[in-house]
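Asker: Pasted the sequence and its predicted model underneath.
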Amino acid sequence: MKNLVLLFIPLLFTINSLSAAKPNVVLVMADDQGWGQMGYMNHPVLKTPHLDEMSENGLRFDRFYAGGPVCSPTRATVLTGRTHDRTGVFDHGYALRSQEKTLGQAMKRAGYATGHFGKWHLNGLRGPGAPIFRDDSHHPGAFGFDEWLSVTNFFDRNPIMSRKGKIKEYSGDSSEIIVNEALKFIKTNARANKPFFTVIWYGTPHDPWIAAKVDKKSFTKLSPKAQEHYGELVAMDRSIGMLRKGLREMGVAQNTLVWFMSDNGGLPRLDPPTTGGLRSFKGSMYEGGLRVPAIIEWPKGISKVRVTKHPAGAVDIFPTIAEVAGLEKSDLLKPQDGMSLAKLFLKELGPRQKPLPFRSRGRVVVVDNDYKMISFPDNGKTRYELYNLANDMGEQDNLVKKEPRISNRLRKRLKAIDDSVTASVNGQDYREKKVAPQPPRIFWWERESYRPYFSEWIKRPEYGPRLKRHIESQK
Ligand SMILES: [Ca+2]
């Protein structure tokens with residue numbers, strides 16, 4: 001009997017420790033990095049050794065889609081699993097509706113320590129990133145983040161930020177600053193054996209472009225603007241190295257899922273170009289606006305390191321994390337537009353079962369494996385385009401007339417997406433069946449609580465010109 005007991009103890013212990021080992025989750029997002037701006041994409045001048053190494057140790061996506069073609073919309077999609085118009089985030093600078101259910105809230109309920117570091121852009125405030133105040137009804141804390149060091153929008157070198165409402169000034173590159181701060185948060189929780197959910201949203205390589213001299217040295221042949229832009233990406237890549245090294249040193253890298261992506265496609269008017277040969281840029285519903293770099297690294301959960309051509313997107317993040325972290329079904333507001341990718345961590349799955357939907361500025365898109373259909377509003381009518389991305393990645397050959405069967409099928413799908421999103425816009429997904437009042441989309445200097453800071457912040461290069469113009473216009 002005694003022997004039997006001894007035999008069972010280790011077994012029970014193993015089962016317990018397995019079920020207790022929830023994966024940590026770190027979501028990392030660049031701001032305006034195009035699909036082609038990666039060393040592993042054979043970029044002509046940019047080297048990203050740390051992101052390359054991450055991709056060689058995880059699952060790299062060839063076809064990963066942002067939530068929308070600009071910034072706040074994708075952030076709303078990441079946090080809700082829903083195409084952004086449903087959430088009230090119709091364009092950059094809109095506030096995420098407080099009636100949405102967020103990933104941050106779900107992770108907190110599941111026992112995770114939750115932290116947001118960097119750009120937020122879901123509180124209705126436009127203009128260069130400013131500290132977010134404690135009395136802001138839509139700060140990260142209102143959406144489930146216990147710890148936050150955040151700014152309203154894009155930020156650059158030597159930023160001024162807000163730690164839960166308290167203003168903090170930092171010096172150095174913005175990417176390195178937020179990774180450093182995120183690592184402190186991770187360390188505290190790793191030591192306490194508490195699983196952590198950390199969101200790191202960079203302000204790079206969004207303008208204004210200001211890079212350290214050392215980061216520009218490979219780019220001397222580029223235009224001054226491109227030197228700064230590409231220099232920022234060098235620093236961001238280095239901060240990825242810091243993050244990965246930090247996780248390894250704390251002994252938590254094996255069971256931490258790090259998901260890197262960009263928030264929208266690359267920028268126009270930069271040489272070398274940003275989108276790796278895709279059509280158009282940020283803002284567009286063509287691939288150049290929507291397709292972004294993405295890598296998931298999770299040594300314990302991804303059994304086969306590889307590049308996958310499986311189409312996936314920001315809509316899949318919430319359902320995937322829900323599966324691996326064991327969240328409740330009720331944590332996700334319906335309709336959900338994505339699907340869990342957890343099975344893809346183990347092997348290739350063949351065609352994607354659930355087409356990817358998008359709606360932005362009246363344009364509706366469906367990506368159904370090789371095929372992509374777009375509808376454009378056109379003088380009161382609707383214009384359709386259909387592409388086969390498998391042999392026409394550059395979206396040059398419109399197949400609407402050549403492939404009538406697929407056109408008809410996907411046109412119906414577009415109509416269904418549009419109708420469903422319109423119902424969400426009208427508040428049908430909420431218990432109240434209507435939309436509660438939300439903050440307006442304004443510039444932060446239009447909000448009274450920022451006024452006391454004008455005289456000080458007008459000296460700052462990132463605010464000065466805009467703030468001066470605003471003060472002039474008020475006279
Ligand atoms: Ca952006």
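Answerer: That came in fine, so what should we check first?

Asker: Pull out the buried positions in stretch 336-344.
Answerer: The neighbour-count check on stretch 336-344 (16 or more other CB atoms under 10 Å) flags 336-341, 344 as buried. (Glycine included, C-beta is placed from N, CA and C.)

Asker: Kindly present those residues as JSON lines, with separate columns for pLDDT and secondary structure.
Answerer: Converted to JSON lines, the buried residues of stretch 336-344 look like this (pLDDT from 0 to 100; DSSP: H, G, I helix; E, B strand; the rest coil):
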{"residue": "Gln336", "pLDDT": "98", "secondary structure": "coil"}
{"residue": "Asp337", "pLDDT": "98", "secondary structure": "coil"}
{"residue": "Gly338", "pLDDT": "98", "secondary structure": "coil"}
{"residue": "Met339", "pLDDT": "98", "secondary structure": "coil"}
{"residue": "Ser340", "pLDDT": "98", "secondary structure": "coil"}
{"residue": "Leu341", "pLDDT": "98", "secondary structure": "coil"}
{"residue": "Leu344", "pLDDT": "98", "secondary structure": "helix"}
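
Asker: Check which helix or strand the spatially closest residue to Asn158 that is not a sequence neighbour maps to.
Answerer: Nearest residue to Asn158, sequence neighbours excluded (CB to CB, 6 or more residues apart in numbering): Ser171, at 4.8 Å. Using DSSP states H and E, Ser171 sits within no helix or strand.

Asker: Run a quick neighbour tally on Ser171.
Answerer: Per other CB atoms under 10 Å, the neighbour tally for Ser171 reads 8.

Asker: Ok, Asp271 next?
Answerer: Considering only other CB under 10 Å, Asp271 is surrounded by 11 other residues.

Asker: check contacts around it.
Answerer: By CB atoms under 8 Å, 6 or more residues apart in numbering, the contact set of Asp271 is 222-223, 226.

Asker: Out of these, which is nearest to Val365?
Answerer: Nearest to Val365 out of the contacts of Asp271 is Ala226 (CB to CB; 29.8 Å).

Asker: Give me the pLDDT value at the closest one.
Answerer: With respect to pLDDT, Ala226 scores 98.

Asker: same deal with the one 5 residues further on?
Answerer: Turning to Gly231, the model gives it a pLDDT of 98.

Asker: would you say it is within a helix?
Answerer: Yes - counting by DSSP: H, G, I helix; E, B strand; the rest coil, Gly231 is located in a helix.

Asker: That one and Phe219 touch, don't they?
Answerer: Yes - shown here, Gly231 and Phe219 form a contact pair, counting by CB atoms under 8 Å, at 6.5 Å.

Asker: quick one: which of those two has more around it?
Answerer: Gly231 (26 against 21).

Asker: Return the set of buried residues in stretch 230-244.
Answerer: 230-244.

Asker: outside of stretch 455-471, which residues touch it?
Answerer: Stretch 455-471 has contacts (CB under 8 Å, 6+ apart) with 127-130, 155-156, 160, 208, 443, 445-446, 454.

Asker: Next, count neighbours for Pro335.
Answerer: 16.

Asker: Quick check: it is in a helix.
Answerer: No - the assignment for Pro335, made by three-state DSSP, is coil rather than a helix.

Asker: Assumed Leu79 was part of a helix.
Answerer: Yes - applying three-state DSSP, one finds Leu79 inside a helix.

Asker: how about the residues of the stretch 51-200 of the chain that lie near the ion?
Answerer: Counting by CB under 5 Å from the ion, the stretch 51-200 of the chain comes close to the ion at Cys71.

Asker: Could you check which residue of the stretch 51-200 of the chain lies nearest the ion?
Answerer: Taking CB to the ion, the ion has its nearest neighbour within the stretch 51-200 of the chain at Cys71, 3.5 Å off.

Asker: Measure how buried that residue is and give me the count.
Answerer: Number of residues near Cys71 (other CB under 10 Å) recorded here: 28.

Asker: What of Leu278?
Answerer: Leu278: 24 neighbours (other CB under 10 Å).

Asker: For this structure, which segments count as helices?
Answerer: Under the criterion DSSP state H, helices of the chain are mapped to 2-20, 49-55, 71-80, 103-109, 174-191, 224-249, 287-290, 317-325, 404-425, 454-457, 464-474.

Asker: Which one of the contacts of Asp271 is nearest to the ion?
Answerer: The closest of these to the ion turns out to be Ala226 (CB to the ion; 17.5 Å).
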